[in-house]
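Visitor: Sequence plus predicted model, see below.
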Amino acid sequence: MNNCFVKKLIFFSVSVFISLQLSAQKTEIDANVLANYNEAKNLFNSKAYAAAQPKFLSVSKTAMNSSNLKADASYYEAMCAIKLNQENADEKVIQFVENYPNSSKKNTAFFNTGNYYFANKKAAHALKWYKKVDTKTLSKENEKELDFKSAYALLTTNNLDLAKNKFLPLINDAKYGTDSRYYYGYIAYKQEDYDIAEQTLQEIADKKSYENEISYYLLDISFQGGKFERCIEVGKKLLENTRIKETSEISKMFDRPDPHNIQTNTNKYPNNKPALFQYILRND
């Protein structure tokens, strides 16, 4: 066996040994990264966001660039920032989307961020993120949730026409129907579209969750339309289910000026709100 062959054999053996060592180290590193990711995910699912966040950040830095773990860890690290209400949370979500534009979690990031702000009564912030969601990638249930929450956020930011258009397709939905019908009728009432408001609200007037509120609006609608007998009928029913504190609120509603200066054609009932309220109280 000549020296040249021996040298080649030694070189080959050393190369194989080094390659096996590096492969073993890589496997060990990958296993550690995966273990850290799973630990962070368990913490996240347990709502321990402060404990999970640094672990996700570590995984996002140590995972292989080609690994899905890197993108997923970046996503969850940004979601931790959202859950913890950190000042740079928005930036983290944007950075995640920019770094991983093809991630399957991009749309979920937009949706979840919007939901977080919605739950914290920050309607304008919620709308900003809801508008980024690609509805084609959502399930039917999530799409309806998005539409309802967007509609409510539009309502609270006084975009009444846009809100009304979003509530309308949901008024017969099994989950969101009652709430959507109420808000649709409420918007119609606010816009003084009293026929639509009355028709819509009467359909859910027996729902306990909105019973008193709807009675208030129907009472006012009856007065605005000069339907005094109906006004007294609704008023008496409302007072039967009303506490003393709420009675004063009804009185305040009657004290509001009548924009249409409606006068009754009969002398049977008073033709102004405060007097009519006193009439209802006396004849209750």
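Guide: Noted; the coordinates are in hand. Only a predicted model underlies this, so the values are computations on that prediction, with no experimental measurement involved.
Visitor: Next up, the contacts around K207.
Guide: 178, 182, 214 (CB atoms under 8 Å, 6 or more residues apart in numbering). C-beta here means a position set from N, CA and C on the backbone, and glycine is covered the same way.
Visitor: would you turn the residues you listed into JSON lines with neighbour count and distance to C80?
Guide: What follows is those, written out as JSON lines (neighbours: other CB atoms under 10 Å; distance: CB to CB, whole Å):
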{"residue": "T178", "neighbour count": "17", "distance to C80": "35"}
{"residue": "Y182", "neighbour count": "22", "distance to C80": "36"}
{"residue": "I214", "neighbour count": "26", "distance to C80": "42"}
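Visitor: Hmm, which of the residues you listed is lowest in pLDDT?
Guide: Across the contacts of K207, the smallest pLDDT goes to I214, namely 82.
Visitor: Name the SS class of that residue, please.
Guide: Put simply, I214 is helix when judged by DSSP: H, G, I helix; E, B strand; the rest coil.
Visitor: Okay, helices next: where are they in the protein?
Guide: For the chain, applying DSSP state H gives helices covering 3-45, 49-62, 68-83, 89-99, 106-119, 123-130, 140-156, 160-167, 177-190, 194-202, 211-224, 228-240, 244-255, 273-282.
Visitor: averaging pLDDT over each of the ones you listed, which comes out lowest?
Guide: Minimum mean pLDDT among the helices of the chain: helix 273-282, a mean of 45.
Visitor: What spatial separation is found between Y116 and A81?
Guide: 10 Å (CB to CB, to the nearest Å).
Visitor: show me what contacts F148?
Guide: F148 is in contact with 166-167, 170, 176, 179-180, counting by CB under 8 Å, 6+ apart.
Visitor: Looking at Y116 and A81, which one has more neighbours?
Guide: Ranked by neighbour count (other CB atoms under 10 Å), Y116 and A81 place A81 first, with 23 against 18.
Visitor: quick one on the thing from earlier: top of the contacts of F148 by number of neighbours, please.
Guide: F167 (27 neighbours).
Visitor: which one is E39 nearest to, not counting chain neighbours?
Guide: K55 (6.1 Å; CB to CB, 6 or more residues apart in numbering).
Visitor: One more: L69?
Guide: Computed as CB to CB, 6+ apart, the closest residue to L69 that is not its neighbour in sequence is A63, at 4.2 Å.
Visitor: Just confirm that neighbour contacts S74, I think it does.
Guide: No. Counting by CB atoms under 8 Å, A63 does not reach S74; the two are 9.4 Å apart.
Visitor: shouldn't S74 be in contact with K105?
Guide: No. If you go by CB under 8 Å, S74 and K105 don't touch, sitting 9.1 Å apart.
Visitor: neighbour count winner among those two?
Guide: Taking other CB under 10 Å, S74 and K105 do not tie; S74 has more neighbours (26 against 19).
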